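Just the structure for this:
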Amino acid sequence: ILADGQVVQSIQFKHTNIIHSDPVEAVNMFNDWAVDEIVLLNVSRDKGTKKEFLSIIKKISIYNFVPLSVGGWIENIDDVKEFIHNGADKVVLNTQAFKNPLFISEVAKLYGSQCVVVSIDYKIIEITKDQSGNLIILDIKINKIDLVLVVIYGPNKDEPIFYEDLKNILKEKEGIDYEG
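Alright, predicted model coming up:
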């Protein structure tokens, strides 16, 4: 995650810790560690940081040897073109994917579905169980949309054996069929 040109760790989207001041050097370390993919997200609150972020992507792509996914302040297809032109292999959509779900398909048609990643920020509002403890209902909020996500756990209570697909929940709750 990049904030104002520095690699940071986000803590519940309220506080960030600086991990490294030079994103290019950080990517070199990740290459040495043989990571499978690098995701760079511009979480700066200032939209004006987009130009600096593009410059960082261009520098990183020279030294990067794994797929590079980038996101932050992607509002239209021109933004996607800039990221891809400057070295990104994939784009990460968040806010725009919720504002305009057809944008996901538009990007996929131009660059292929492998190029689009949708990121979901959520907050858990409530967790409840039925009397036998088998049913967990998560009341979550995604981009200010209140949803109910149902997860049923198996006998060992460690892994969910069934969950309702987010696409179906959104379709039922909002009457919109999200594609992508």
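
list the contacts for the closest residue in space to L2 that isn't next to it in sequence?
Excluding the flanking residues, the one nearest L2 by CB to CB, 6 or more residues apart in numbering is N42, at 5.4 Å. Quick note: C-beta positions are derived from backbone N, CA and C, even for glycine. Taking CB atoms under 8 Å, 6 or more residues apart in numbering, we find N42 in contact with L2, A3, T49, K50, F53, V70, G71, G72, W73.

I77 too?
Taking CB under 8 Å, 6+ apart as the definition of contact, the neighbours of I77 are F103, E106, V107, L110.

Need the per-residue pLDDT for F98.
For F98, the model assigns a pLDDT of 80.

Could you say which helix or strand holds it?
Counting by DSSP states H and E, the element that carries F98 is helix 95-99.

could I get that helix in CSV with only the CA atoms?
Output in CSV follows, covering the C-alpha atoms of helix 95-99 (Å, rounded to 0.1, in the frame of the first residue of the first chain):
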residue,chain,number,x,y,z
THR,A,95,-15.1,2.5,-5.5
GLN,A,96,-15.7,2.7,-9.2
ALA,A,97,-16.7,-1.0,-9.3
PHE,A,98,-19.5,-0.1,-6.9
LYS,A,99,-20.4,3.2,-8.5
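
so where is this protein shaky, pLDDT-wise?
Judged against pLDDT under 70, the low-scoring parts of the chain cover residues 10, 12-15, 122-180.
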